[in-house]
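>>> Sequence and predicted structure, then a few things I'm wondering about:
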Amino acid sequence: MNKEELIKRTQAFAITIIKLVEKLPDTKTSRVLSNQLLRSATSVGANYRSACKGKSSADFINKIIIVEEEADESQYWLELIEQSGLMSPESIKVVKQEAKELTAIFTAIGKTAKENHKLNKIRN
C-alpha cells in the first residue's frame, strides 16, 4: 500500500467513525465516548499526513508513533462502546477490524522506519 492509498484509507476510516458516532444514542456516556473516539480516529489520518511531510527521519518516526497510538486508542473506544452495550458487536465489527489493521500497519511502518534510521546512523 502506497502513501496515497494509506491517506485515503485513513480518511475513509475517519468518515466511517463520524457516521458511526452519529448513530449512538444521545446520552452522557455516549457523548463522552463518541468525543474520544472522534478525536482519536480523525487524528489517525491527520497525523499520518503530517508524518508524510516530516522534516527528518526522526520527525517521521515520532509522528508515526503518534499515528499508531491514535489507531490503537480508537480500538479501545470502539471496544468500550461495544462492551457497554451502546452498539452491537456485529454493527461495529468491520470498523473494529479496520482500527486493528491500521494499528498493525502503523506499528510495522514505525518499526521499519526505526530500523532504517539506525542503519543510516551506523553507515554515516
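That came through fine. Numbers count the residues shown, from 1 in each chain.
>>> show me the residues around residue 14 that make contact.
By CB atoms under 8 Å, 6 or more residues apart in numbering, residue 14 lies in contact with 41, 42, 44, 45. Just so you know, the C-beta spots here come from the backbone N, C-alpha and C atoms, and that holds for glycine as well.
>>> For the second one, list the residues it contacts.
Each residue near residue 42 by CB under 8 Å, 6+ apart is listed here: 14, 17, 18.
>>> Find me whatever residue is spatially closest to the first one, sequence neighbours aside.
The shortest distance from residue 14 to any residue that is not its chain neighbour, by CB to CB, 6 or more residues apart in numbering, is 4.6 Å, and that residue is residue 42.
>>> buried set for the host helix or strand of that neighbour?
For residue 42, the host element (DSSP states H and E) is helix 28-52. Under the neighbour-count criterion of 16 or more other CB atoms under 10 Å, helix 28-52 has 30, 33-34, 36-38, 40-45, 47-51 buried.
>>> ok, then the element right after it?
Using DSSP H and E, the helix or strand that follows helix 28-52 towards the C-terminus is helix 57-83.
>>> Fine by me, thanks again.
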